[in-house]
Structure formats: C-alpha cells, structure tokens
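[1] Below are the sequence and a predicted model for it; my questions follow.
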Amino acid sequence: MSKLKRIGVLTSGGDSPGMNACIRAVVKAGIGKGINVFGIEDGYKGMIEGRIRQLTYMDVNNIIHLGGTILGTARSEAFRTLEGREQAVANLKKHEIEALILIGGDGTYAGGMALTKEFDIPIIGLPGTIDNDIHGTDFTIGYDTCLNTVVEAVDKIRDTASSHHRVFFVEVMGRASGYIALNSAIASGAESVLIPETLTEIQLLAKEIKNQNKGIRSSIIIVAEGDEEGGAKEIMEKVKPYLEGYELRYSVLGHIQRGGSPSAFDRILATRMGVKAVDLLIEGKKSLMIGQIGRDLVCRNILEGTTGNVSTDDSGIELLKSLLTKGNF
Ligand SMILES: Nc1ncnc2c1ncn2[C@@H]1O[C@H](COP(=O)(O)OP(=O)(O)OP(=O)(O)O)[C@@H](O)[C@H]1O
Ligand SMILES: O=P(O)(O)OC[C@H]1O[C@](O)(CO)[C@@H](O)[C@@H]1O
Ligand SMILES: [Mg+2]
C-alpha cells in the first residue's frame, strides 16, 4: 500500500473525448492502491472555489464511454494570479490533498507548474486535448475521436458538394495547430488543406481549385480555424474574385468536434495514462507529463509540454499534393 494517502484529479481547458475514461482509470487505480482520490470540479476554477469531493468506484462506474468530463472543466483567469493560486492551495490543504493529476492541454500544464514552483505540490500532467498540440506525445487524449468526427462530417458535406458541383471550405478546430486539419484532410480525401504552420497564398489556392475542378467541379478545402488568412468564410470571400463561375460554400464544424463517445483508441490511451500517473505519484515523482511515443508510454518533464505548439508533419501536405487530381486524367 502507498504512503501517499490523498490525491486530487481535475480536467481543465477545452474538454476532450476520453477525459472520463482517464478519470475512471485514476480513481480505480488510486483506490486499488489505498489512496483517497478527490475530484476537483471545473478545473482550476473549482479549485479556487473549493468545489472538491471524494470520488468512489460508483462515481466512475459506467463513464468510460461518455464524452465530456464528469468533473466539468473551465478556463480560469483568477488562477493566473498568485492570489488565485493561494486560494486554490488553501482549499487543497483543507482536504489534505498531497499531489495532483491534471488532465488538460499546455495551459493546464503551465498552471500546474506554477503550483509546483510556488507551493511544492507534486503534479503529473496527462495530455487531454483534441488539438494534439503537446510536445512529448504522439497522441493526445481525444484527438483520435475528434478526427473521426470530422471525417464523418466531411464525408456528408462531400455528398452535397459533389451533387451540386460546389467547392466547400470546411473549418475545423485548431487555434494554433493544424493537426486536426491536416489529418482529417488526408482521411476524408480533401483536395486542399490550409493550416497555421504553412503560408496560405490566396491566388495559388484559386489556381489549385481550378486545376482540381477541371474534371470534377467539386472540391473540399479543409481550413484550420487558426490559419493566418482567416477562417473558412474569410478565405472563401478572399478567393471568390479569382473563381468566377464557381459555386462556393463554407461550413464551420465547431464544437461537435469536441463531443461524442471516445474511440477505442482514446479509451485505451486514457486508461493507460491514468493508471501510469497514479504509479508515478506513488513512486514520489513530480512535475512530469506522460506521453505515448510509438507504442510506449514515456515520462517527460512537464515543462516540455508547455513549450508552444507542435508543428505538423510536412510530409502530410506533400502527400495531399501528390494525390491532387491532375488536368488530364
Ligand atoms: N501561465 C499560466 N499560469 C497559471 N495558470 C495558467 C497558465 N496558463 C494557463 N493557466 C490555467 O490553465 C487553464 C487552462 O489553460 P488553456 O485555457 O490554455 O487550456 P489548455 O489546457 O491549453 O487546453 P486546450 O488548449 O485544449 O483548450 C487556464 O484557463 C488557466 O486557468
Ligand atoms: O470552447 P472554446 O473555449 O471557445 O475553445 C475553443 C478552442 O478549444 C480547442 O478546441 C481546444 O480544446 C481549440 O482548438 C479551439 O480553438
Ligand atoms: Mg492549449
């Protein structure tokens, strides 16, 4: 049995499918090793407001397949201030919580680092975000489910796009990262993809669309919301003057990308990471994040996970280009 007696778990930042599977794994592994596991509601916001409750096996029964997070999540401006964090730590002390497992994105890790630096609270970060934009892991929890959601939606848009011979600009999430856009473009057979990591040239895009349209008169352009030329609507407006005679439409997929039952991949990833996080805290480790590289779980300093965005793989763009419909096919 572990010397560690009380740990806290929270979800923070944008929710992602698989967060519940992760909470479940933490609670089950923790209780199994004699640890009391406390759930902190709505991330750092609930920590500041003292909304903390002990979790039992029953609390995590039948949640592995649920999207969202049973603990709730939030973005907290107050936690960015020292006063906010002091209040949060006072609440942790009230419940005698000794260490934390944080499920979230890069911002959540940065918040956790502040707790470790200022108050010496051990933390383990788990990558819970659809964006797949965290250094130190090939995959984040929720990304796979999100990709599948996007691909399903684009398949449907393609049906109407090709029936009406229209060019569709489909906007997907990714404020600063093109991962969702690039890989959903490959998986849905999109004709072009626009991502923040590469320069978008409007005239070149128009030329590409005309080429694509020589035979099929319909194409799908996936646009990451963070593209420097704007979202799907803005880009459609910018390209319009160069595409006389074409029917253009746009669609913003929005928050459906964050919801839904997690894929088997995300459930397994979340479960492995949740159990590993408890083991690491029992071993006395602190300030680590868990990632999956290839098939293996790896532990890195959590600082690595806060070092900005991960750039997508250029080979994905080359792959798409090599598949473009050529003039005489
Ligand atoms: N530098 C920081 N210092 C203290 N707290 C921080 C810091 N950065 C972020 N946080 C806290 O972490 C919360 C979550 O961060 P953020 O909103 O960036 O989401 P995230 O964890 O990156 O997830 P996602 O990008 O998937 O939505 C913030 O609302 C804030 O409370
Ligand atoms: O729901 P909110 O807070 O507007 O967040 C939207 C953002 O969250 C993310 O989905 C990450 O969870 C980004 O890709 C997106 O820009
Ligand atoms: Mg983030």
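    Here it is on my side, so go on. Ligands and ions are numbered 1, 2, ... in the order given.
[2] State the number of residues packed around the residue nearest to Gly178 when sequence neighbours are not counted.
    Among residues not flanking Gly178 along the chain, Ile195 sits closest, at 2.6 Å (C-beta to C-beta, 6 or more residues apart in numbering). Yep, even glycine has a C-beta here, placed from its N, CA and C like the rest. For Ile195, the tally of surrounding residues (other C-beta atoms under 10 Å) stands at 25.
[3] Tell me the spacing between Ile195 and ligand 3.
    Noted for Ile195: a distance of 16 Å to ligand 3, by C-beta to the ion, to the nearest Å.
[4] and if you look at Thr108?
    Thr108 is 8 Å from ligand 3, by C-beta to the ion.
[5] Same question for Glu41.
    For Glu41, the distance to ligand 3 - C-beta to the ion - is 20 Å.
[6] Need the CA coordinates for stretch 295-307. CSV is fine.
    Extracted C-alpha coordinates of stretch 295-307, given in CSV (Å, rounded to 0.1, in the frame of the first residue of the first chain):
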residue,chain,number,x,y,z
ARG,A,295,3.6,2.1,-28.6
ASP,A,296,5.3,3.1,-25.3
LEU,A,297,4.2,5.4,-22.5
VAL,A,298,7.0,7.9,-21.8
CYS,A,299,7.5,10.4,-19.0
ARG,A,300,9.0,13.8,-19.6
ASN,A,301,9.5,17.0,-17.6
ILE,A,302,6.1,18.7,-17.7
LEU,A,303,7.9,21.9,-18.9
GLU,A,304,8.4,20.2,-22.3
GLY,A,305,4.6,20.0,-22.7
THR,A,306,4.3,23.8,-22.2
THR,A,307,6.8,24.8,-24.8
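[7] Would you mind listing the buried residues in it?
    By 16 or more other C-beta atoms under 10 Å, the buried positions in stretch 295-307 come out as 300, 302, 304-306.
[8] Does the closest residue in space to Gly259 that isn't next to it in sequence lie in a helix or a strand, and which?
    Closest residue to Gly259 apart from its sequence neighbours, by C-beta to C-beta, 6+ apart: Gly67 at 4.9 Å. Counting by DSSP states H and E, there is no helix or strand that carries Gly67.
[9] What count of nearby residues applies to Gly67?
    Gly67 has 19 nearby residues by other C-beta under 10 Å.
[10] Tell me which residues touch it, please.
    When contacts are counted by C-beta atoms under 8 Å, 6 or more residues apart in numbering, Gly67 touches 15, 17, 20, 145, 258-262.
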